[in-house]
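# Based on what follows, work out the 3D shape:
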Amino acid sequence: MAGAPTIQRFADAGGIPNSPLPVLIYHGVEAAGTARGCQELFARNGWLGAWVDGIYRFHHFHSTAHEVLGIVGGSAAVILGGPEGQRFDVGPGDVLVLPGGTGHFNAGSSADLVVVGAYPNGMRPDLRRGEAAERAEVLANIVAVPLPESDPVHGQSGPLTELWRPDITAGRP
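Numbers count the residues shown, from 1 in each chain. Okay, the predicted model is just below:
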């Protein structure tokens, strides 16, 4: 089982609002060795609606759901936080937990990239690209996204439940 996650915060990047909640990046998650194992891990911890695919090659975010991405095959350079964000090189066994509003972008990947994604309690994500006309709507959506009841890797006693708290999001427009 993976240890403590790397914690990364991103400021509002204008079109990409990001979140006051931190991104969590786990390394060495054994269950992420296969798509089935990753899906089962996420489902066991209440992250549902799993899909198997890749990561879009354009900057985007979800304003109506948090998202977990498990890398089960191949490798990718993922930019988090919007166009001026930070690059992360990910590969098998890496799991990224993205709070609603967090920008993400596949800046290049191997041909064999396989990603399992899911959402807490089966939330349904929208797909946003940072259009100025949508800003007020997406900010309202992000504030309304409930906090997950469990960490997708470690369950109810996982780091997410301590690191993602209502007081962090209080007062956000």
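
# Against residue 133, how distant is the most centrally placed residue in the chain?
Nearest to the geometric centre of the chain sits residue 98, at 2.3 Å (CA atoms, centre = their mean). Computed as CB to CB, to the nearest Å, the residue 98 to residue 133 distance reads 23 Å. Backbone N, C-alpha and C define where each C-beta goes, glycine included.

# One more: residue 106?
In terms of CB to CB, residue 106 sits 25 Å off from residue 133.

# The two: which is more packed in?
residue 106 (19 against 6; other CB atoms under 10 Å).

# pLDDT score for that one?
Looking at residue 106, its pLDDT is 98.

# so which strand or helix has it?
strand 104-109 (DSSP states H and E).

# How about that strand, which residues are buried there?
In terms of neighbour count (16 or more other CB atoms under 10 Å), strand 104-109 has its buried residues at 104, 105, 106, 109.

# The closest residue in space to the last one that isn't next to it in sequence bridge partners, please.
Closest residue in space to residue 109, ignoring its immediate chain neighbours: residue 76 at 3.7 Å, by CB to CB, 6 or more residues apart in numbering. Each beta-bridge partner of residue 76 is listed here: residue 90, residue 109, as defined by DSSP bridges.

# related to what we said a few turns ago, looking at the buried residues of strand 104-109, spot the one nearest residue 161.
Checking the buried residues of strand 104-109 against residue 161 with CB to CB, the nearest one is residue 104 at 22.4 Å.

# Show me what the residue nearest to the closest one when sequence neighbours are not counted bridges to in the sheet.
Excluding the flanking residues, the one nearest residue 104 by CB to CB, 6+ apart is residue 80, at 5.5 Å. Using DSSP bridges, the bridge partners assigned to residue 80 are residue 86, residue 104.

# how far away is the residue in the chain sticking out farthest from the centre from residue 142?
Farthest-out residue of the chain from its mean C-alpha position, per CA atoms, centre = their mean: residue 133, at 23.9 Å. From residue 133 across to residue 142, the span is 16 Å (CB to CB).

# what do you get for residue 65?
Counting by CB to CB - residue 65 and residue 142 are separated by 10 Å.

# Find the residues that touch each one of those two.
residue 100 (CB atoms under 8 Å, 6 or more residues apart in numbering).

# Now for residue 89, how many residues are close by?
Residue 89 sits with 11 neighbouring residues when counted by other CB under 10 Å.

# no, scratch that, I was asking about residue 14
Neighbour tally, residue 14, other CB under 10 Å: 13.
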